[in-house]
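Engineer: based on what follows, work out the 3D shape:
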Amino acid sequence: MAAFLQPESRAAGAGLCLGSFVFGCELTGSTRSYTFKVDEDDDSEHILALSMVCLTDGAKDECNVVEVVGRNRQNQEIAVPVANLKLSCQPALSLDNFQLQPPVTFHLKSGSGPVHLSGRHQIMHRRALSEEEESEEEEEEELTPIMPAKKRRRRQ
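Structural biologist: Numbering: from 1, shown residues only. The predicted structure is shown next:
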């Protein structure tokens, strides 16, 4: 299942973007789940950034709860509700590029939809740090903090 984005994935310079593609799926009463997954043999890092979830044509005025099923840092499966939509009061919700690592499953927990999820699928190249870069990082970590100067007594 998905990992909610790992800290090393968020680090600056974590990789070079190989491509960014539009993502979209629809959940309905007959298709209640959708799993976004990538080839496990792929050496690239994939990030799914959700931008919007909204009710579409034909939705009833009922609560539609969408949850994301993924994995947490301890690699345990976790289901998190990300949207509760109702046609009369909140037909859409911005998810502000909520980032996930595949595989991830979207599930229409309640309601009959149709609910549309949209976002961006980014493919990042995992770059290995050279030995020189690693040693520079280690040197930076080993620097001792600068201590304040000791006060001297004035001679009178």
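Engineer: Lys86 pairs with what?
Structural biologist: Gln90 (DSSP bridges).
Engineer: who are the neighbours in contact with it?
Structural biologist: Residues in contact with Lys86, defined by CB atoms under 8 Å, 6 or more residues apart in numbering, are Asp61, Glu62, Cys63, Asn64. Glycine gets a C-beta too; all of them are placed from N, C-alpha and C.
Engineer: go again with 10 Å.
Structural biologist: Leu55, Ala59, Lys60, Asp61, Glu62, Cys63, Asn64, Gly111 (CB atoms under 10 Å, 6 or more residues apart in numbering).
Engineer: by neighbours, which of the residues you listed wins?
Structural biologist: For these, neighbours were counted using other CB atoms under 10 Å, and Asn64 has the most, 25 neighbours in all.
Engineer: against Leu117, how distant is the nearest residue to that residue once chain neighbours are set aside?
Structural biologist: With CB to CB, 6 or more residues apart in numbering as the measure, Gly111 is the residue that lies nearest to Asn64, at 3.1 Å, once sequence neighbours are left out. Between Gly111 and Leu117 the distance, using CB to CB, to the nearest Å, works out to 14 Å.
Engineer: what sits in contact with each of these two?
Structural biologist: Common neighbours of Gly111 and Leu117 (CB under 10 Å, 6+ apart) are Leu27, Val66.
Engineer: wait, isn't Leu117 in contact with Val82?
Structural biologist: Yes. The criterion here is CB atoms under 10 Å, and Leu117 meets it with Val82 at 9.0 Å.
Engineer: so which residue is dead centre in this structure?
Structural biologist: Central residue of the chain (CA atoms, centre = their mean): Gln99, 1.7 Å from the mean position.
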